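Asker: Take this sequence and fold it.
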Amino acid sequence: MTRAVLESWLRLQAIDGVGDLTVLRLVRAWHSPDAVLHASRDELIQRGCSSQLADAIRCGPDRSACRSIERELKAIERERVEVRSLLDPAYPARLKIIADPPPLLYITGTLTEQDELAVAIVGARRATPAGRAMTEELSHDLAGAGMTVVSGLARGIDAAAHRGALDAQGRTIAVLGCGIDRTYPPEHERLRRQIEERGAIVSEVPMGAPPHSHHFPRRNRIISGLSLGVIVTEAAISSGSLITARLAAEQGREVFAVPGFVKENTSRGTNALLKEGAALIERAQDVIDAVLPQLEPALRLRLQPSLEKSVPGDRLGDEEQQVYDVLSYDPVTVDNVIVATGLSVSIVMASLLSLELRQRVRPLPGQRYLRT
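Answerer: Numbers count the residues shown, from 1 in each chain. So this is what the prediction gives:
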């Protein structure tokens, strides 16, 4: 997008009383923001604008807004941010058809046609070790099958979703609730850079915008809008992830949930979704099987076969198998493994080390382990 075209979008958005839905209606009617800005008062009124709104558009943004626009343009150029408008042929096709698509998308990294084959994974910020492990497994397998994993870069489940896709050398997209020149939470700066190398960071809010709470519900519609479906792996009843799931349902997307223990707070949201009709999933192939019928033939061909194949040369020894069988997605202490297997301390520790090196288990603080 040229600087002049981008400036016309920013000028239209900066006019008092012109919200996103009004921008979309006007630009779709005139086919460009510049044409809206140059339309006569009578033409604007004939196209459904109130006389007050028509007058505001004819006056244009005030001086303060114009100075903000100039700062915005300079920041976009300085940070080398790509901006795509709803009229851009490269604007994500799936996102374009939701009821209220963002007029502008700010992008770092790269959005590609491959991202049409995307699924979102969201969940609790205060995730359990089991929830993070399950999320990483699903994300890893979906990305390995050729799907792009979309999430929100938040702590907990979102971060696990991005990391699982990256571990599979797959693509992932993070949608921010702040300006694209900011990272929130700040401790995810390194993760953000890794995502930019193998996917994209996306935002709809202006450069420099802080992570205000009201940005995140709006951000969630982009997460679901980019995706064929939304997976919720862990969520409390009041979780923002349930907002994403409901937005997905309203957008005609698939909604998936991972069942959990009924007494666990982070499972109450996912179990509630299952009661409401979300599809229960236990593995990546469940998701692939569900979305496959809605894909065009060209997209189906890009999906890899099921990843549930044994790895050659990865057969476990007898003691390793005994130790592995005792472990689960809930953390288990070394003492419990020793009691359950009846093996000596040295054999259990050697087996756990071997399983860790094979990435079959993950160590946690307090000499606890869980399956991966």
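
Asker: In contact with E72: list those residues for me.
Answerer: E72 makes contact with 10, 206-207 under the criterion C-beta atoms under 8 Å, 6 or more residues apart in numbering. Glycine gets a C-beta too; all of them are placed from N, C-alpha and C.

Asker: Adding pLDDT and neighbour count, write these out as JSON lines.
Answerer: JSON lines is the format used below for these (pLDDT from 0 to 100; neighbours: other C-beta atoms under 10 Å):
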{"residue": "L10", "pLDDT": "96", "neighbour count": "23"}
{"residue": "P206", "pLDDT": "94", "neighbour count": "21"}
{"residue": "M207", "pLDDT": "95", "neighbour count": "22"}
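
Asker: Tell me who's in contact with the residue nearest the centre of the chain.
Answerer: Residue closest to the mean C-alpha point of the chain, counted by C-alpha atoms, centre = their mean, is S151 at 1.7 Å. By C-beta under 8 Å, 6+ apart, the contact set of S151 is 120-122, 157-158, 161-162, 172-175, 223.

Asker: Also I98?
Answerer: 221, 225, 251 are the contacts of I98 under C-beta under 8 Å, 6+ apart.

Asker: Also H140?
Answerer: 164-165, 167-168, 170.

Asker: Out of those residues, list just those in helices.
Answerer: Of these, the ones assigned to helices by DSSP state H are 164-165, 167.

Asker: neighbour-wise, which of those residues leads?
Answerer: Comparing the ones in helices among the contacts of H140 by number of neighbours (other C-beta atoms under 10 Å), A165 comes first, having 30 neighbours.

Asker: Check the gap between that residue and W30 for me.
Answerer: Taking C-beta to C-beta, to the nearest Å as the measure, A165 falls 40 Å from W30.

Asker: next one: G317
Answerer: 71 Å.

Asker: And P206, by the same measure?
Answerer: For P206, the distance to W30 - C-beta to C-beta - is 23 Å.

Asker: Now the helix or strand bottoming out on mean pLDDT in the chain: buried residues?
Answerer: When the helices and strands of the chain are scored by mean pLDDT, DSSP states H and E, helix 297-302 comes last with a mean of 78. Buried residues in helix 297-302, defined by neighbour count with 16 or more other C-beta atoms under 10 Å: L299.

Asker: Using CSV, list the CA coordinates for the next helix or strand along the chain from it.
Answerer: Heading C-terminal from helix 297-302, the first helix or strand you meet, by DSSP states H and E, is helix 318-326. Extracted in CSV, the C-alpha atoms of helix 318-326 (Å, rounded to 0.1, in the frame of the first residue of the first chain):
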residue,chain,number,x,y,z
ASP,A,318,11.4,-52.6,29.4
GLU,A,319,12.2,-50.3,32.3
GLU,A,320,11.7,-47.2,30.3
GLN,A,321,8.3,-48.5,29.2
GLN,A,322,7.3,-49.2,32.8
VAL,A,323,8.3,-45.7,33.9
TYR,A,324,6.5,-44.1,30.9
ASP,A,325,3.3,-46.1,31.6
VAL,A,326,3.2,-44.7,35.1
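
Asker: what about the helices in the stretch 251-372 of the chain?
Answerer: With helices called from DSSP state H, counting those that start in this stretch, the stretch 251-372 of the chain shows them at 265-275, 284-291, 297-302, 318-326, 334-341, 345-357.

Asker: packing partners for the longest one?
Answerer: Helices and strands touching helix 345-357, by 3 or more C-beta pairs under 8 Å, 6 or more residues apart in numbering; DSSP states H and E, are helix 318-326, helix 334-341, strand 361-364.

Asker: K263: which of these is closest?
Answerer: helix 334-341 (20.1 Å; C-beta to C-beta).

Asker: From V230, how far out is the closest residue to D115 other than its chain neighbours?
Answerer: Spatial nearest neighbour of D115, excluding adjacent residues (C-beta to C-beta, 6 or more residues apart in numbering): T148 at 4.5 Å. Distance, T148 to V230, by C-beta to C-beta: 13 Å.

Asker: Name the residues contacting each of the two.
Answerer: V119.

Asker: In terms of neighbours, single out the busier of those two.
Answerer: More neighbours surround V230 than the other of T148 and V230, with 29 against 26 (other C-beta under 10 Å).

Asker: where's that one, which helix or strand?
Answerer: strand 229-232.

Asker: Which strands border that strand, and is each parallel or antiparallel?
Answerer: With DSSP bridges as the test, strand 229-232 is paired with strand 118-122 (parallel), strand 254-257 (parallel).

Asker: which of these is buried the deepest?
Answerer: strand 118-122 (a mean of 29; mean count of other C-beta atoms under 10 Å).

Asker: Using CSV, write out every CA atom in that one.
Answerer: Output in CSV follows, covering the C-alpha atoms of strand 118-122 (Å, rounded to 0.1, in the frame of the first residue of the first chain):
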residue,chain,number,x,y,z
ALA,A,118,-5.4,-22.1,9.9
VAL,A,119,-6.8,-23.2,13.3
ALA,A,120,-6.8,-21.2,16.5
ILE,A,121,-5.8,-22.5,19.9
VAL,A,122,-6.6,-20.5,23.0
